[in-house]
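Trainee: sequence unknown, structure follows:
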């Protein structure tokens, strides 16, 4: 025992042992006589090992290593008087609403400071800080000249807890306009605190491969999660959390799958040209069973992988790979190759820096991930697509094996449209389907108008614009403008470069 106890505790033990030595010996003899020899030896070893471990840990942390354990009655009284210090969950489901400034999460408090330093008060009495980007932009209500100077948003609404106005007076004066999104901002507040609550997230446990005999129902989120055998999600907040990430692979899969909810029937958004293009891709993604097996006799030739080019990749490139594997599980007999391209494709992936050197074998410094289940490969390029396409790095393109995906590209946004002017004609030349999403209806319409303006008459619409069935159910907040609320992949449409088919005329 002396080898596992610190010097201070040994002195306390010696002083107490002198006073109660006869009684301690009597109690120890009584216990030894009551215990069988085998149990006594095992219990002695276990107690000595446990005491030594606890003594070492407590001595290292500067604590007393001989503190008596509380009795069951003391533990019950302590639980009744106050919560335990080592509770794993910091926030309960009924205690998720906190103002951003007084949030128990340091990350949210830091976010509040960022909003206060960058967001401006949307009250109409202030001058404009930028050109309005939509009719729904709060900047459109402001006077450009005859008004008060701009002021940062420092006042937090007590109902949503987000810094939205410069003062309480402006908040009360413009309360009717703020009331339109106040409930949504409160929901965003609670969802953010839920992510930082420390609770266990069973909704992020994704299922693995599924038998081919089970049919996936893609009518909506509920039927998809049920037929893919996800764990039951009975809470709206958990549903919003899980769809925030799954919207990226599921948006692609819902269009390319043979059981896609988008059809050419009455009321469907798929056009005749869209049916032609998607039928070619579905032919490659759903090959017929060839009787292959694991032995030599069961080896069969497979088609080349279907390449899905995700251009302008940002946050989607840093998603957990278990999320992207859900796309591969929808096509168990096909090979997939996801290619992330864009100058921000390595955002939130600081652990993988520095980037690989550009060599003759890898001229654009691609990062290859080829151990993802055996049927999927992911490659990331920190470059522009038009630069790589000029070098014929990906050509030739095949309508049966290639597809482009643009998540929130901002084609018509004033700040990013110049980056797509050179890329868009090259995309149309490939005659490959191009899927495109938008944050809001206005964002989607702005991109469509820009494509019509730049390449009018040179493309065919494959999927009519509209709301994405598998959009994110969670709303997101723009930290530079708290009144700008959107959700991931809200809208969806598809187009392709026009094909000019020649028809033969019989000569008379």
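Mentor: The structure has been received and is ready for your questions. Just so it is clear, the structure is predicted and the values come from calculations on it, not from any experiment. Residues are numbered from 1 along each chain as shown.

Trainee: so where is the stretch 1-150 of the chain shaky, pLDDT-wise?
Mentor: 1-90, 144-146 (pLDDT under 70).

Trainee: Give me the helices and strands touching the host helix or strand of residue 454, please.
Mentor: Taking DSSP states H and E as the definition, residue 454 sits inside helix 441-455. Applying 3 or more C-beta pairs under 8 Å, 6 or more residues apart in numbering; DSSP states H and E, we find helix 441-455 packed against helix 423-429, strand 434-438, strand 459-467, strand 491-497. In this view, the C-beta of every residue, glycine as well, is placed from N, C-alpha and C.

Trainee: Span of stretch 249-266 from start to end?
Mentor: End-to-end distance for stretch 249-266: 27 Å, by C-alpha to C-alpha, to the nearest Å.

Trainee: In contact with residue 242, which residues are there?
Mentor: Contact analysis of residue 242 by C-beta atoms under 8 Å, 6 or more residues apart in numbering lists 203, 204, 225, 230, 233.

Trainee: How about the secondary structure of the nearest residue to the second one once chain neighbours are set aside?
Mentor: Going back to what we said before, that points to residue 204. The shortest distance from residue 204 to any non-neighbouring residue, by C-beta to C-beta, 6 or more residues apart in numbering, is to residue 242 (6.7 Å). Following DSSP: H, G, I helix; E, B strand; the rest coil, the label given to residue 242 is helix.

Trainee: And residue 242, how close does it get to residue 357?
Mentor: 38 Å (C-beta to C-beta, to the nearest Å).

Trainee: about what we covered before: would you convert the helices and strands packed on helix 441-455 into a markdown table that also reports mean pLDDT?
Mentor: What follows is the helices and strands packed on helix 441-455, written out as a markdown table (pLDDT from 0 to 100):
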| stretch | mean pLDDT |
| --- | --- |
| helix 423-429 | 95 |
| strand 434-438 | 96 |
| strand 459-467 | 95 |
| strand 491-497 | 95 |
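
Trainee: Residue 221 is nearest to which of these?
Mentor: strand 459-467 (13.0 Å; C-beta to C-beta).

Trainee: This structure: helices as residue ranges?
Mentor: 7-19, 21-34, 37-60, 72-81, 106-118, 168-173, 175-195, 221-227, 236-256, 272-285, 321-329, 385-390, 423-429, 441-455 (DSSP state H).

Trainee: Next, the angle strand 434-438 makes with the last one.
Mentor: Direction vectors for helix 441-455 and strand 434-438, defined by axes from the mean of the first three to the mean of the last three C-alpha atoms, to 10 degrees, enclose an angle of 140 degrees.

Trainee: average pLDDT across helix 441-455?
Mentor: Averaging pLDDT along helix 441-455 gives 93.

Trainee: which ones are touching the nearest residue to residue 216 once chain neighbours are set aside?
Mentor: In this structure, residue 216 finds its nearest non-sequential neighbour in residue 227, 5.1 Å apart by C-beta to C-beta, 6+ apart. Applying C-beta under 8 Å, 6+ apart to residue 227 gives the contacts 214, 215, 216, 217.

Trainee: and the second one, how many neighbours?
Mentor: Pointing back at residue 215 there. For residue 215, the tally of surrounding residues (other C-beta atoms under 10 Å) stands at 9.

Trainee: how much space between it and residue 261?
Mentor: In terms of C-beta to C-beta, residue 215 sits 14 Å off from residue 261.

Trainee: Same check on residue 239?
Mentor: Residue 239 is 18 Å from residue 261, by C-beta to C-beta.

Trainee: What of residue 349?
Mentor: 33 Å.

Trainee: Would you check which pair of the contacts of residue 227 lies furthest apart?
Mentor: Pairwise distances across the contacts of residue 227 (C-beta to C-beta) peak at 10.0 Å, for the pair 214 and 217.

Trainee: if we can go back for a sec, of the contacts of residue 227, keep whichever come out buried.
Mentor: Taking 16 or more other C-beta atoms under 10 Å as the criterion, what is buried in the contacts of residue 227 is residue 216.

Trainee: ok, of the contacts of residue 227, which one's closest to residue 294?
Mentor: When the contacts of residue 227 are compared against residue 294 (criterion: C-beta to C-beta), the nearest one is residue 214, at 21.5 Å.

Trainee: And the closest residue to that closest one other than its chain neighbours, what's its pLDDT?
Mentor: Using C-beta to C-beta, 6+ apart and skipping residues adjacent in sequence, the residue nearest residue 214 is residue 227, 6.9 Å away. Looking at residue 227, its pLDDT reads 94.

Trainee: How about residue 508?
Mentor: Residue 508 is assigned 61 on the pLDDT scale.

Trainee: Please determine how far the residue nearest to residue 214 is located from residue 217.
Mentor: Counting by C-beta to C-beta - residue 227 and residue 217 are separated by 5 Å.

Trainee: do the same with residue 415
Mentor: 40 Å.

Trainee: distance of residue 222 from residue 268?
Mentor: Distance from residue 222 to residue 268, by C-beta to C-beta: 21 Å.

Trainee: Comparing the two, which shows the higher neighbour count?
Mentor: A side-by-side neighbour count of residue 222 and residue 268, using other C-beta under 10 Å, places residue 268 first with 15 against 11.

Trainee: Look up the pLDDT of the nearest residue to the more buried one once chain neighbours are set aside for me, please.
Mentor: Distances taken as C-beta to C-beta, 6+ apart place residue 262 nearest to residue 268, at 6.3 Å, with adjacent residues excluded. Looking at residue 262, its pLDDT is 94.

Trainee: pretty sure residue 262 is touching residue 254, no?
Mentor: Yes - assessed by C-beta atoms under 8 Å, residue 262 is found in contact with residue 254 at 7.3 Å.

Trainee: where do the contact lists of the two overlap?
Mentor: In contact with both residue 262 and residue 254: residue 469, using C-beta under 8 Å, 6+ apart.

Trainee: how far away is the residue positioned nearest the centre of the chain from residue 166?
Mentor: Centroid-nearest residue in the chain: residue 245, 3.6 Å away (criterion: C-alpha atoms, centre = their mean). Distance of residue 245 to residue 166, computed by C-beta to C-beta: 35 Å.

Trainee: same check, this time on residue 192
Mentor: From residue 192 over to residue 166 the distance is 23 Å, taken as C-beta to C-beta.

Trainee: how close does the closest residue to residue 139 other than its chain neighbours sit to residue 442?
Mentor: Distances taken as C-beta to C-beta, 6+ apart place residue 132 nearest to residue 139, at 4.5 Å, with adjacent residues excluded. Residue 132 sits 11 Å away from residue 442, going by C-beta to C-beta.

Trainee: ok, now how distant is residue 370 from residue 377?
Mentor: Counting by C-beta to C-beta, the gap from residue 370 to residue 377 is 5 Å.

Trainee: which of those two has more neighbours?
Mentor: The neighbour count for residue 370 versus residue 377, taken as other C-beta under 10 Å, is higher for residue 377 (19 against 10).

Trainee: what residues are up against the more buried one?
Mentor: Residue 377 neighbours (C-beta under 8 Å, 6+ apart): 305, 336, 337, 338, 368, 369, 370.
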